[in-house]
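Asker: got a sequence here, can you build the structure:
(one chain, ligands or ions: 3)
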Amino acid sequence: MEIMGRGFKQIMHESPMYFHMGLKYAGYKLFNKKSPFFGSADIINVCNLHCKHCYWWLNRKENEDLTVEQWKKVIDEKFKKQHVFIVFLVGGEPMMRPEVVELFVNEFPKRVCVVTNGTYPLPKFKNLYFYWVSIDGTQKIHDDIRGKGTWEQIRKNVINYVETNGKKASKDIWISMTINSLNYKTVKDVMEEWRDYTHKFGIQFHTPFMKGDPLWLPFGKERNRLVDELIEMRQNGYKDYLSNPQNQLELMKGGWGGKGTTPIDCPTWAIVSVDHMGREKMPCCIGSADKDSMKPRCGECGLGCYSFLMSYGIKGSGMISN
Ligand SMILES: C[S@@+](CC[C@H](N)C(=O)[O-])C[C@H]1O[C@@H](n2cnc3c(N)ncnc32)[C@H](O)[C@@H]1O
Ligand code: SF4
Ligand code: SF4
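Answerer: Ligands and ions are numbered 1, 2, ... in the order given. Down below sits the predicted model:
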């Protein structure tokens, strides 16, 4: 038995945690009590790449970062107090701060996912849940979006990880693809190229910060066709590899989160997200702690983590349409 990469033994071991999760879910369903299930932390405000589609560069300002000791405080105050189950480490590039990754992994064994551009060597952390490695196309298209030579470097790091860490090491590597107007025709090829070395493959869609963003894949025929193909693949041998449930894929055909830059149905409360200084970001993990920053467009949002929760009936930002 395996659920989202977690085996039977692990599930048994974590049963107290599921109790908390169950209480949260029941509290939400019965009393509309909103307590976060997940956490996300930008553990660094630096990145070695400058990808064409990246939201993080849009609002990046100061050069400061927190020390390991300061992150420990944020962990206690923001994540442990609220009993979050899984924490996603983001940035910038989180693998530029392996000492902070190590702290999180020790604090949340088997409950930390590191979202990485994969260009740094991937160390084996005994208690990591998994690496979400971002791949944005077949080699040429990925390099066009993320920088020349990056695909080759990631390929080397992933294969090296799998070959040096034993038979089950590929379980630690999941691929995350952010689909946009440049790469949407390569999704099936990307899945084929990485399947032998990785455990799961998840997609999300590019979320724009401005109207008319040419990277956004418009709602309509081509987007629907791609989603339908993915659903068909799930039904024909890819169910264990493609991590997005069918309901979520259906949701991502159109607008599901909100209107303009206002979240409406999006369950913003379900993920507590902090920036590189440990400040809470609004309205969501791609937002900012600074209220004057550029805002993501909820009406055209394609983010995976929030639409995933919504596909399980968890929704409602608490804000109303303006
Ligand atoms: C900001 S990056 C940080 C982690 C790491 N540097 C990486 O690239 O994986 C986190 C994820 O957000 C995705 N992303 C960046 N800009 C996006 C956007 N505008 N809409 C949706 N996803 C985006 C990236 O492709 C990546 O998978
Ligand atoms: S590697 Fe990640 S954080 Fe860096 S620019 Fe690309 S998407 Fe953004
Ligand atoms: S995740 Fe939610 S709050 Fe963030 S841009 Fe998407 S719809 Fe808006």
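
Asker: what's opposite Ser176 in the beta bridge?
Answerer: Legend: beta-bridge partners of Ser176 under DSSP bridges are Ser134, Gly202.

Asker: does it touch Thr198 like I think?
Answerer: No. Using Cβ atoms under 8 Å, Ser176 is not in contact with Thr198; the gap is 10.3 Å. Where you see a C-beta, it was placed from the backbone N, CA and C, and this is true even at glycine.

Asker: which neighbours do these two share?
Answerer: Val133 (Cβ atoms under 8 Å, 6 or more residues apart in numbering).

Asker: residues in contact with the residue in the stretch 201-322 of the chain that ligand 3 sits nearest to?
Answerer: Closest to ligand 3 within the stretch 201-322 of the chain is Gly257: 2.4 Å, counting by Cβ to the nearest ligand atom. By Cβ under 8 Å, 6+ apart, the residues touching Gly257 are Pro263, Ile264, Asp265, Cys266, Cys298, Gly299, Cys301, Leu303, Tyr306, Ser307, Met310.

Asker: could you rerun that using 10 Å?
Answerer: 207, 251, 263-268, 283-284, 296-303, 306-307, 310, 315, 317 (Cβ atoms under 10 Å, 6 or more residues apart in numbering).

Asker: repeat that for Tyr28.
Answerer: Tyr28 neighbours (Cβ under 10 Å, 6+ apart): Lys34, Ser35, Phe37, Pro267, Trp269, Ala270, Gly313, Ile314, Lys315, Gly316.

Asker: so which of those residues belong to helices?
Answerer: Among the contacts of Tyr28, no member is found in helices (DSSP state H).

Asker: how about the strands in this protein?
Answerer: 2-3, 6-7, 38-42, 86-90, 112-116, 130-134, 173-179, 200-205, 258-259, 262-263, 271-274 (DSSP state E).

Asker: pLDDT (mean, whole number) over the last one?
Answerer: The predicted model gives strand 271-274 an average pLDDT of 98.

Asker: residues in contact with that strand?
Answerer: Counting by Cβ under 10 Å, 6+ apart, 35-43, 66, 71, 74-75, 77-79, 81-82, 84, 86-88, 90, 279-289, 303, 305-306, 309 sit against strand 271-274.

Asker: can you do 7 Å?
Answerer: For strand 271-274, contacts defined as Cβ atoms under 7 Å, 6 or more residues apart in numbering pick out 36, 38-42, 74, 78-79, 82, 84, 280-281, 284-285, 305-306.

Asker: any quick PyMOL command for the buried ones out of the residues you listed?
Answerer: A single PyMOL command selects the buried members of the contacts of strand 271-274 (16 or more other Cβ atoms under 10 Å):
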select buried, resi 36+38+39+40+41+42+74+78+79+84+281+284+285+305+306
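
Asker: so how far is Val46 from Gly118?
Answerer: According to Cβ to Cβ, to the nearest Å, Gly118 stands 16 Å off from Val46.
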